[in-house]
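Enquirer: Model the following, please.
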Amino acid sequence: MTTTYNCTSDDQRAEGLQHAQRAISEKKCIVLPTDTVYGIAADAFSPLAVTMLLASKGRSRQMPPPVLIPRVNALDGLAADVPADARALAQAFWPGGLTLILHAQPSLDWDLGDTKGTVALRMPDDQIALELLGLTGPLAVSSANRTGQEAAQTASEARLQLAESVEVYLEGGFRPIKGTAALPSTIVDATSTPFRVVRQGAIELERLREIVPSILGIGETLGAADTIPAEEPAVDDAAPEGTTAAGAAEHTAAVDEPAEEAIVPQEKPTTADDAPVEVTEAAAVEDSTLETVKPEASREAKPE
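Expert: Numbering: from 1, shown residues only. The predicted structure follows:
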């Protein structure tokens with residue numbers, strides 16, 4: 001039976017968190033607020049739960065969800081060979097609207113979809129989300145809406161779209177703030193050299209470059225002398241917060257995923273030195289607040 005809890009009330013908040021924790025342990029889906037938009041969440045380590053999440057949204061395995069974590073030091077448990085610059089970005093912008101695509105720990109027993117060996121991680125800046133994550137551990141989270149529809153900014157909006165496919169709705173009021181636009185998280189592919197922004201969102205490129213000056217923005221590639229803009233990105237869906245793996249040189253920013261959406265890195269772009277300059281990018285995460293990018297030849301990284 002689907003239940004909504006008003007988490008602005010202390011009593012209902014405690015009861016709702018307990019019910020949500022139980023639902024997650026039973027491989028069911030829940031809806032929770034994040035600092036970007038509302039997300040639909042499931043146990044990241046249960047293939048069945050992740051399948052149910054994708055089915056609730058009307059998505060395929062080609063659009064895997066990102067994973068929300070409760071603390072920065074969870075990075076090393078879920079990602080392998082984390083670059084120093086990725087750690088610096090996490091320290092600077094977590095909790096907050098930044099999703100990092102990293103190589104997944106090969107020993108982990110999970111199946112988020114067609115991730116090509118990567119995982120998209122984010123620590124949300126929302127107390128309700130962090131409390132739940134503290135109880136459940138990492139959660140696969142996508143924006144709480146049907147694919148192609150507007151990202152939900154309240155639990156009641158999410159329920160209109162997701163209905164009985166969700167066991168528990170945690171209502172925490174408008175996200176981010178009533179009257180403001182729902183921005184997805186910014187997604188950075190930290191599996192490439194240099195790092196690349198594959199979806200622009202809550203964290204501006206200029207702020208990222210204060211920590212990692214070499215990071216490339218969307219539509220930028222390193223040329224012989226300067227940075228050369230690529231073709232205009234194509235948009236797959238119309239809501240914020242996810243990424244879609246659509247092909248060798250393509251990422252699709254699914255505008256319907258919040259904090260947190262599926263992500264897979266793109267192949268290494270051609271440069272002015274070795275090939276005609278033409279890089280196609282389609283954006284996809286978070287989220288407005290929580291879809292995929294294609295990998296490099298050696299491995300692979302939407303997702304709130």
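Enquirer: Give me the below-cutoff pLDDT ranges for the stretch 51-200 of the chain.
Expert: Counting by pLDDT under 70, the stretch 51-200 of the chain shows no low-confidence range.
Enquirer: what ranges do the helices span in it?
Expert: Remark: helices assigned in the stretch 51-200 of the chain by DSSP state H, counting those that start in this stretch are 75-78, 84-93, 127-136, 155-162.
Enquirer: Can you name every helix or strand that the second one contacts?
Expert: Read it as helix 84-93. Under the contact criterion of 3 or more Cβ pairs under 8 Å, 6 or more residues apart in numbering; DSSP states H and E, helix 84-93 touches helix 75-78, strand 98-104, helix 205-211. From N, CA and C alone the C-beta is placed, and that goes for glycine too.
Enquirer: can you list contacts of it?
Expert: Contact partners of helix 84-93, identified using Cβ atoms under 8 Å, 6 or more residues apart in numbering, comprise 72, 75, 98, 100, 102, 123, 188, 190, 195, 203, 207-208, 210-212.
Enquirer: and residue 205, what does it touch?
Expert: 197, 215, 217.
Enquirer: 10 Å - rerun?
Expert: Contacts of residue 205 were listed using Cβ atoms under 10 Å, 6 or more residues apart in numbering, and they are 186, 188, 197, 215, 216, 217, 218, 220.
Enquirer: so how far is residue 24 from it?
Expert: Distance of residue 205 to residue 24, given as Cβ to Cβ, to the nearest Å: 35 Å.
Enquirer: most neighbours, which of the contacts of residue 205?
Expert: residue 188 (31 neighbours; other Cβ atoms under 10 Å).
Enquirer: hey, what's that residue bridged with?
Expert: residue 100, residue 197 (DSSP bridges).
Enquirer: you'd agree it is up against residue 207?
Expert: No: judged on Cβ atoms under 10 Å, residue 188 makes no contact with residue 207 at a distance of 11.5 Å.
Enquirer: so what's in contact with those two at the same time?
Expert: With Cβ under 10 Å, 6+ apart, residue 188 and residue 207 have common neighbours 89, 93, 98.
Enquirer: Could you pull out the buried residues of stretch 38-49?
Expert: Neighbour counts over stretch 38-49 (16 or more other Cβ atoms under 10 Å) mark 38, 39, 40, 41, 42, 43, 44, 45, 46, 49 as buried.
Enquirer: actually stretch 91-98, sorry about that
Expert: Buried, per 16+ other Cβ under 10 Å, within stretch 91-98: 93, 94, 95, 96, 97, 98.
Enquirer: how far out from the middle of the chain is that stretch?
Expert: Distance of stretch 91-98 from the chain centroid (Cα atoms, centre = their mean, to the nearest Å) equals 13 Å.
Enquirer: that older thread, would you reformat the helices and strands packed on helix 84-93 as a markdown table and include distance to residue 127?
Expert: Below are the helices and strands packed on helix 84-93 laid out as a markdown table (distance: least, Cβ to Cβ, whole Å):
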| stretch | distance to residue 127 |
| --- | --- |
| helix 75-78 | 21 |
| strand 98-104 | 18 |
| helix 205-211 | 23 |
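Enquirer: Tell me which of the ones you listed is the most buried.
Expert: strand 98-104 (a mean of 29; mean count of other Cβ atoms under 10 Å).
Enquirer: what's the angle from that strand to helix 84-93?
Expert: 150 degrees (axes from the mean of the first three to the mean of the last three Cα atoms, to 10 degrees).
Enquirer: Determine the set of other helices and strands touching strand 98-104.
Expert: strand 67-68, helix 75-78, strand 79-80, helix 84-93, strand 118-122, strand 186-189, strand 196-199 (3 or more Cβ pairs under 10 Å, 6 or more residues apart in numbering; DSSP states H and E).
Enquirer: possible to save these as TSV with distance to residue 18?
Expert: Formatted as TSV, these follow (distance: least, Cβ to Cβ, whole Å):
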stretch	distance to residue 18
strand 67-68	19
helix 75-78	25
strand 79-80	30
helix 84-93	29
strand 118-122	24
strand 186-189	32
strand 196-199	34
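Enquirer: For residue 59, which of these is the nearest?
Expert: strand 118-122 (14.6 Å; Cβ to Cβ).
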